[in-house]
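Colleague: Have a look at this fold, sequence not included:
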């Protein structure tokens, strides 16, 4: 089965701890993305990567870090510097090409709760 | 900066009704517009993608239209069913924003049996 997997589905952490969310895809897509969703709101882009070993900040990158060492993996670390980390985190991927054509495909999400 | 708005924020209809969800965007220079469905606690499922040169796309009981010049898109759902209950999100890729999707806040739809 081709798709995007995110683990774990639910994650609980104490305030002040860093936590890493996993995202893996076997769609052979070049581009990968991380979004954050707060209750009743749309998605906001945290980071994206178009190629291995390269990534760019999105609208709300502060307090987050990413790496892209392999094409199929794009882990997101939520650091203690993120002021309001409790949220639903979604990973997505897409083929590279002209943006008028290619869709983004989403994983099932990870719900992070920090207390 | 692109802003996407969806109205209404929530909608409750009886089964069988035809309904329209609205999406508006402030910058008409877009590459494409996508409609997604999100079930509670789940990821997003892509429903329809309309390229900037297209006027509409259809899939089964769903029809999405795009009027780029006025910054509007509508998602038409025919003969609604309880299984259509979900949150519907629209998102655009703007010409000067690379491959970044800008999302609306969503419309939460409830179809009552």
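Modeller: Everything's here; your move. The structure presented is a predicted model; accordingly, all values stated were derived computationally and were not measured.
Colleague: how many other residues sit next to the residue nearest to residue B:83 when sequence neighbours are not counted?
Modeller: Nearest residue to residue B:83 in three dimensions, chain neighbours excluded: residue B:111, at 7.8 Å (CB to CB, 6 or more residues apart in numbering or on different chains). From N, CA and C alone the C-beta is placed, and that goes for glycine too. By other CB atoms under 10 Å in any protein chain shown, the residues close to residue B:111 number 20.
Colleague: How far away from the center of its chain is stretch B:27-47?
Modeller: 6 Å (CA atoms, centre = their mean, to the nearest Å).
Colleague: how about it: buried residues?
Modeller: B:27-28, B:30-38, B:42-44, B:47 (16 or more other CB atoms under 10 Å in any protein chain shown).
Colleague: one step back: give the partner strands of the helix or strand harbouring the residue nearest to residue B:83 in its sheet and their orientations.
Modeller: Using DSSP states H and E, residue B:111 falls within strand B:107-112. Here strand B:107-112 has these sheet partners by DSSP bridges: strand B:10-14 (parallel), strand B:86-94 (antiparallel).
Colleague: quick one, helices of chain A?
Modeller: Per DSSP state H, chain A carries no helices over any range.
Colleague: Who's the closest spatial neighbour of whichever residue of it sits closest to chain B, skipping the chain neighbours?
Modeller: For chain A, the residue closest to chain B is residue A:42, as judged by CB to the nearest CB, at 3.4 Å. Residue nearest to residue A:42 in three dimensions, not counting chain neighbours: residue B:103, with 3.4 Å by CB to CB, 6+ apart.
Colleague: Got the phi and psi for the one you found?
Modeller: phi -100, psi 150 (degrees, to the nearest 10).
Colleague: Now do the contacts for residue A:55.
Modeller: Neighbour list for residue A:55: A:47, A:48, A:49, A:66, A:67, A:68, A:74 [criterion: CB atoms under 8 Å, 6 or more residues apart in numbering or on different chains].
Colleague: re earlier: mind checking pLDDT for the residue nearest to residue B:83?
Modeller: Residue B:111 is assigned 97 on the pLDDT scale.
Colleague: and the gap between it and chain A?
Modeller: Distance of residue B:111 to chain A, computed by CB to the nearest CB, to the nearest Å: 19 Å.
Colleague: where does the chain have low pLDDT?
Modeller: You didn't say which chain, so I picked chain A. Within chain A, the segments meeting pLDDT under 70 span A:1-2, A:98-101.
Colleague: think we crossed wires, I meant chain B
Modeller: Checking chain B against pLDDT under 70 turns up B:96-99.
Colleague: Can you name the residue of it nearest chain A?
Modeller: For chain B, the residue positioned closest to chain A under CB to the nearest CB is residue B:103, at a distance of 3.4 Å.
Colleague: Count the neighbours of the nearest residue to residue B:3 once chain neighbours are set aside for me.
Modeller: Leaving aside its sequence neighbours, residue B:3 sits nearest to residue B:26 (CB to CB, 6+ apart; 4.6 Å). Residues contacting residue B:26 under the criterion other CB under 10 Å number 13.
Colleague: Need the phi and psi values for residue B:26.
Modeller: Main-chain torsions, residue B:26, degrees, to the nearest 10: phi -90, psi -30.
Colleague: the strands in chain A, which residues?
Modeller: Here chain A has its strands, by DSSP state E, at A:4-7, A:10-13, A:19-25, A:31-37, A:43-51, A:54-57, A:64-66, A:76-78, A:87-94, A:105-106, A:110-114.
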